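one predicted model, sequence on top.
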Amino acid sequence: MSKKRQNLTRCIFLMICFSILLNCNKPKENKEKSINKKQYLPEKNEVDILVLDKGAFKKELVSNGRLVALEKSELKFNVSEKLNNIYVKNGDYVTKGQLLASLDAFTYHQKVNKAEIDLKQATLEFNDLQIRRGFNADNKDAIPKEEYEMMAIKSGYKNALHQLENAQFDLKSTKLIAPFSGKIANIDSKKHDQINSGKAFITLINDAVFEVEFYVIESELKDIKSKDKISIEPFATSKSYEGAITTINPQVEKDGTILIKAQVKNDGHLLEGMNVKVFIKKDIPDQFVVPKSAVVLRDNQEVLFTVKNGKAYWTYILKTLENSKAYAVIPHPDKSSASLTVGDTIIISNNLNLAHDSEVSVKNSH
């Protein structure tokens, strides 16, 4: 009897222990199931949005151009002599009237001195001739013009005066002076080099304002007029500069293009001869304008995604205009379901993998 009780007691004890263990495992299993379920729940797509409105679309014509300085001059010495000194170097900024370089001036000083002596001698001869002819040398206004000119030539006075002016000009020409403010370029000579007259010595570039030269085709000319705004982007950088068209050449080139010139201010980073991309902008009013990132393909059709009650719905569209950053769009005329209205909320990011009726959450509004 006691053995039966002992066995029964053991069975009851084991059943209680098993029951306790079973109850302990259930919350853990439920918790694991809950975690796994969360892992497989679809995540909401975070998107940026734009509230659709009608405005001006900036139509762009794009061309390649080149920067040309408004003022650029190859400076030359008018006389030949040994180079005495160079006061500037390539890249220096100089102001109008600044001394740039000088030649050995000894020979030209001597020529001026000789010309001054010759003029004094000729003046004495001139005055003596006037007295011999019965005129007062101190009252030249009383001498008839033709008579005065004849005596000035015969005495050598006029020739001596001319020689002195030439000698003074040559002496002045031994100094190279900046005719305008700008930057120095293309210095190749060194001190004591022999410099020949008429040979380019320094290039001076006024780079405060640049002229942009570019070409457009005949069919684009109707959209361009003088004073239209443009922007340029150097190929070497991504920085943009604003300017305006100044001239339109009234002649078509052999290749069917027309030369356009515009002006842009230099912030110090633009250089003579730089290649740039030119954008001519013209406002087209009353357009639905969206960034290029807003338009995606679905079923080989261009669509925009709109947001309604936390869900994304696509609508078919047609692009009417395009520039480097945006499209002008309309509802697709051949799709009855296509619709765009002012105030629609348009998705402009994270839309590449969106499906119709997808749940979304809004990050930023533009």
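Structure's in. What do you need? Residues are numbered from 1 along each chain as shown.

so residue 213 bridges to which residues?
Per DSSP bridges, the residues bridged to residue 213 are residue 66, residue 261.

test my guess that it contacts residue 258.
No. If you go by C-beta atoms under 8 Å, residue 213 and residue 258 don't touch, sitting 11.6 Å apart. In short, each C-beta sits where N, CA and C put it, glycine included.

can you name the residues bridging to residue 217?
Listed by DSSP bridges, the beta-bridge partners for residue 217 are residue 257.

against residue 68, how distant is it?
Going from residue 217 to residue 68 by C-beta to C-beta, to the nearest Å gives 21 Å.

which intervals of the chain have sub-threshold pLDDT?
Along the chain, the model assigns pLDDT under 70 to residues 1-43, 364-366.

how about the helices of this protein, start to end?
Taking DSSP state H as the criterion, the chain carries its helices at 2-39, 106-132, 145-154, 157-172.

can you name every helix or strand that the shortest one contacts?
Based on contacts counted as 3 or more C-beta pairs under 8 Å, 6 or more residues apart in numbering; DSSP states H and E, the elements that helix 145-154 packs against are helix 106-132, helix 157-172.

how about the last one: buried residues?
It stands for helix 157-172. Buried residues in helix 157-172, counting neighbours by 16 or more other C-beta atoms under 10 Å, are found at 157, 160-161, 163-164, 167, 170-171.

same check on the longest one?
Taking 16+ other C-beta under 10 Å as the basis for neighbour counts, the residues of helix 106-132 that come out buried are 108, 111-112, 115, 118-119, 122-123, 126-127, 129-130.

include distance to residue 284 when you put the residues you listed into TSV, please.
Shown next, in TSV, are the buried residues of helix 106-132 (distance: C-beta to C-beta, whole Å):
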residue	distance to residue 284
108	66
111	70
112	69
115	71
118	76
119	74
122	77
123	78
126	79
127	82
129	83
130	82
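
which one of those residues is nearest to residue 323?
Nearest to residue 323 out of the buried residues of helix 106-132 is residue 108 (C-beta to C-beta; 61.8 Å).

isn't the closest one up against residue 170?
Yes. At 5.0 Å, residue 108 counts as touching residue 170 under the criterion of C-beta under 8 Å.
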